[in-house]
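Chemist: sharing a sequence plus its predicted fold:
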Amino acid sequence: MDEFLAVGTTPTGQEIYLSELSRKTLADNGMSDAIGGLYLYEAENAPGSFGIRVLASVPCLEAGYRMMDIFGLRVSAA
């Protein structure tokens, strides 16, 4: 994973991350056809996972922040 651009927190305390993910990170998480880019994702602790669950691909940084706003996440700089 690359560095986080933002971290949002749901009302239940779940953290949602916005950052670029590499093609390798995506492939390691079962998304072998995906290309790298900006993504919203959460931490995944299930056995056999590589640590994340991708929720959405994001076309640009502004769209990522807007999606976090729409979902009602408390956003903090990473």
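Modeler: Thanks, I have the structure now. Numbers count the residues shown, from 1 in each chain.
Chemist: what about the helices in the chain?
Modeler: Taking DSSP state H, the helices of the chain run over residues 23-28, 61-70.
Chemist: quick one: mean pLDDT for the shortest one?
Modeler: By that I understand helix 23-28. When pLDDT is averaged over helix 23-28, the result is 86.
Chemist: one step back: the helices of the chain: which one's closest to Gly13?
Modeler: Closest of those to Gly13 is helix 61-70, at 15.3 Å (criterion: Cβ to Cβ). In this view, the C-beta of every residue, glycine as well, is placed from N, C-alpha and C.
Chemist: any idea how far Leu18 is from Tyr41?
Modeler: From Leu18 over to Tyr41 the distance is 8 Å, taken as Cβ to Cβ, to the nearest Å.
Chemist: make that Glu20, sorry
Modeler: Glu20 is 11 Å from Tyr41, by Cβ to Cβ.
Chemist: and if you look at Leu21?
Modeler: Noted for Leu21: a distance of 7 Å to Tyr41, by Cβ to Cβ.
Chemist: find residues that contact each of the two.
Modeler: Common neighbours of Leu21 and Tyr41, counting by Cβ atoms under 8 Å, 6 or more residues apart in numbering, are 52, 54.
Chemist: now Ala34. Its backbone dihedrals?
Modeler: phi -80, psi 150 (degrees, to the nearest 10).
Chemist: just give the closest residue to it, not the sequence neighbours.
Modeler: Once flanking residues are discounted, Ala34 sits nearest to Leu26: 4.3 Å by Cβ to Cβ, 6 or more residues apart in numbering.
Chemist: from what I see, that neighbour and Gly36 are in contact.
Modeler: Yes: using Cβ atoms under 8 Å, Leu26 is in contact with Gly36, at 6.9 Å.
Chemist: residue with max distance from the center of the chain?
Modeler: Largest separation from the mean C-alpha position in the chain: Pro47, at 19.2 Å (Cα atoms, centre = their mean).
Chemist: before I go, just wanted to say thanks for your time.
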